[in-house]
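J.: for reference, the sequence and a predicted model appear below.
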Amino acid sequence: MSVESDPSGPLSRVRERARVRARSLRKDATDAESLLWFHLRDRRLGNHKFRRQRPIGPYFADFACLEAKLIVELDGGQHVEAVDYDETRTGFMVAQGFRVLRFWNNEVLAQTSAVLERILQALQEDPHPNPLPQAGEGARQDTRNITP
């Protein structure tokens, strides 16, 4: 029996741990996260679907819009001492094709409309300045025989 077909294999344990951790992070949300989630949930901002505490590799994105490849991160006071970790984390997410917006918790609480406006602006921008051409399964190819 292969690891892929074993339902109790290491991949399912990893996914289960990530699911439990994400649930814990959602349960223990900060005031700023709760406020921003109120505005992002149910496609309330520009009809874009956001997910909260979404695993991205070994990290968890505070808010992620997968369709727009946009991550919104909220930073509290503890992030002042974790600059290197945050840079590594952001670098990983960017390498996965995401754009990352960061806001301080106090920005979200005091200037909610400005934060929402900036997120909406990022959602309306092109996701990548040089998008890759569509290829692979599902890509449409011109199979007509055209001669000059």
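T.: Right, received. Where do you want to start? Numbers count the residues shown, from 1 in each chain.
J.: CA only for contacts and neighbour counts going forward, please
T.: Fine.
J.: which residue is the nearest non-sequential neighbour of the residue nearest the centre of the chain?
T.: Nearest residue to the geometric centre of the chain (CA atoms, centre = their mean): A64, 2.7 Å. Leaving aside its chain neighbours, A64 sits nearest to I71 (4.4 Å; criterion: CA to CA, 6 or more residues apart in numbering).
J.: how close does the one you found get to V94?
T.: Between I71 and V94 the computed distance is 9 Å (CA to CA, to the nearest Å).
J.: give me the more crowded residue out of those two.
T.: Neighbours per residue (other CA atoms under 10 Å) separate I71 from V94, with I71 holding more: 25 against 15.
J.: contacts only, for that one.
T.: Counting by CA atoms under 8 Å, 6 or more residues apart in numbering, I71 touches 61-65, 98-101.
J.: now it: which helix or strand?
T.: strand 70-75 (DSSP states H and E).
J.: centre of the chain to the next helix or strand after that strand, how far?
T.: Later in the chain than strand 70-75, the nearest helix or strand by DSSP H and E is helix 83-95. A distance of 13 Å separates the centroid of the chain from that of helix 83-95, by CA atoms, centre = their mean, to the nearest Å.
J.: sweet, I'm off.
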